[in-house]
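# Sequence first, predicted model second:
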Amino acid sequence: MKAIAKNTIGEIDPNFVNGEIILFDKALLKSAFDCVYRVRETVGVKKVGHAGTLDPMATGLMIVCTGKMTKRISEIQNLEKTYKGIITLGRTTPSFDTETDFDTRKNLEGITEDQIYNLRDKFTGKIFQAPPMYSAVKRNGRSLYRLARRGIEVERELREVFISKFEIEKIDLPDIYFEIICSKGTYIRVLASDLGEQLGCGAYLKELRRTHIGEFDVNDALSIEEFKEYAKNYFIAEPEIA
């Protein structure tokens, strides 16, 4: 699959109505929908979708498809994802990341690097996760995050995911620097929370960046601003007729 990216600009004569795949480097605090909206607004194509969301507090690779290429979204979603980030021990948040305020704090007395490495192995291979309350997963037609913001917590069914690699690159307590390669549907912030719970000190996801989706690399991805400049200089589709 060839995508519009830094390394292919000038090689592709784009047709956004017929269908293109675009690599984006999502910025912090931006939503996945923001990428979709900006593409739709820039090139005048209604049929636009993304192949896997990223939380607002995460950055990195997002793939957006237009036109007939939206039929390949499921195929792209099924590719393995690679993430780098920081898990911080000793504190927790309701969202398991930095989107919400801290709600508990514990000291790290007795926590050793050996414990962390040994526990890491338990989070490799097939594991089961409950989707976080602060997520877009729906229950009876309502997004869980809407319930969470009202202080309501409901039972969530465990989901099977697969972690093919969980490398700890550095431990500088309270921070654990990691790289994870995982299947579709994996919540890295849930993994962080579960790791902290099993260590008995709690944890949250301090930073997260998606670096790869299959063979697609974030180093080749465009910012929204770069894409808008590209579209202006190379091609802008005529608005589709409703």
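Now that the structure is in, tell me what you want to look at.
# Tell me, what's the model's pLDDT at the residue nearest the centre of the chain?
What sits nearest the mean C-alpha location of the chain, by CA atoms, centre = their mean, is L54, with 3.2 Å. Per-residue pLDDT puts L54 at 92.
# roughly how far apart are it and F216?
According to CB to CB, to the nearest Å, L54 and F216 sit 14 Å apart. Every residue, glycine included, has its C-beta placed from N, CA and C.
# Direction included, what does the longest strand along the chain pair against?
Ranked by residue count under DSSP state E, the longest strand found in the chain is strand 159-172. Strand 159-172 sits in its sheet next to strand 125-129 (antiparallel), strand 175-182 (antiparallel), going by DSSP bridges.
# pLDDT on it, on average?
The average pLDDT for strand 159-172 rounds to 97.
# What residues of it count as buried?
Using 16 or more other CB atoms under 10 Å as the burial criterion, the residues of strand 159-172 that qualify are V161, I163, F166, I171.
# Also stretch 116-125?
Buried residues in stretch 116-125, counting neighbours by 16+ other CB under 10 Å, are found at I116, R120, F123.
# Kindly report the same for stretch 45-63.
Under the neighbour-count criterion of 16+ other CB under 10 Å, stretch 45-63 has 45, 47-63 buried.
# residues near K184, how many?
16 (other CB atoms under 10 Å).
# Enumerate every residue touching it.
Applying CB atoms under 8 Å, 6 or more residues apart in numbering, we find K184 in contact with G52, Q77, N78, L79, K81, V161.
# Sticking with it, tell me its helix or strand.
For K184, there is no enclosing helix or strand under DSSP states H and E.
# Out of the buried residues of stretch 45-63, list just those in strands.
Counting by DSSP E, the buried residues of stretch 45-63 contribute V48, G49, H50, T59, G60, L61, M62, I63 to strands.
# which residues touch the third one?
With contacts defined as CB under 8 Å, 6+ apart, the neighbours of H50 are A32, C35, V36, M62, I63, V64, C65, I73.
# do the same with the second one
If a contact means CB under 8 Å, 6+ apart, then G49 has V36, V64, C65, T70, I73 as its contacts.
# Per the annotation, how does the chain divide into domains?
21-78+215-234, 81-213 (automatic domain parsing).
# Deepest-packed of those, please.
domain 21-78+215-234 (a mean of 18; mean count of other CB atoms under 10 Å).
# that older thread, now for the domains of the chain, which one comes closest to I12?
domain 21-78+215-234 (8.4 Å; CB to CB).
# Determine how far the closest one lies from the middle of the whole chain.
Centroid separation for domain 21-78+215-234 versus its chain: 13 Å, with CA atoms, centre = their mean, to the nearest Å.
# what angle separates whichever strand or helix holds S193 from strand 125-129?
If you go by DSSP H and E, S193 is part of helix 188-199. For helix 188-199 against strand 125-129, the angle by axes from the mean of the first three to the mean of the last three CA atoms, to 10 degrees is 90 degrees.
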